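Colleague: Here's my sequence, what's the structure:
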Amino acid sequence: MPGDLPFHDSAGDLRGPEIGPTFHGMEDPQRQGEPPFIERLFEGPLLSTLAKLAIISFSVGILVSIVDIDPLNIWGDLIGTIERVWNAGFRIIGWALDYLFLGAIIVVPIWLVMRIWGATRGGSGR
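Modeller: Presented below is the predicted three-dimensional model:
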């Protein structure tokens, strides 16, 4: 059958027919030769990826230390910024509610009088 013949995949490797079901058009994750999930997640072997991350983190740590930045200050500033945004949001809501109530004190009684007046005259009040 033509579907059972080997073919070349996108990397140029010779493969046989797909074995196993596919899920919504996705390839079978258990096919032979595919690296495990952890290696795909870390784009290679776990230990070498962790070693690369450690070297890069150490280098960045030295550079940040030269500029005299403290990691605790970074977290404190982040948390402080989130807190300021949170508080500003509530201040804005309070500000808007103040003006809403101030306007409602005038608008709602006028609207109510107009509705009552329109209902007693037999009109729609519009």
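Colleague: Low-confidence ranges, this structure, go.
Modeller: Regions of the chain meeting the criterion pLDDT under 70 cover residues 1-32, 123-126.
Colleague: So which residues of it form strands?
Modeller: 7-8, 14-15 (DSSP state E).
Colleague: who's sitting farthest from the centroid in the chain?
Modeller: Within the chain, the residue lying farthest from the chain centre (Cα atoms, centre = their mean) is residue 121, at 56.7 Å.
Colleague: how close does that residue sit to residue 115?
Modeller: 11 Å (Cβ to Cβ, to the nearest Å). (C-beta placed from N, C-alpha, C; glycine too.)
Colleague: Could you do residue 67 as well?
Modeller: The value you get for residue 67 to residue 115, if Cβ to Cβ is used, is 66 Å.
Colleague: Comparing these two, which residue is more hemmed in?
Modeller: In this view residue 67 and residue 115 are compared by other Cβ atoms under 10 Å, and residue 115 has more residues nearby, 13 against 6.
Colleague: ok, so what distance separates that one from residue 91?
Modeller: Distance from residue 115 to residue 91, by Cβ to Cβ: 35 Å.
Colleague: tally of neighbours for residue 49?
Modeller: Neighbour tally, residue 49, other Cβ under 10 Å: 15.
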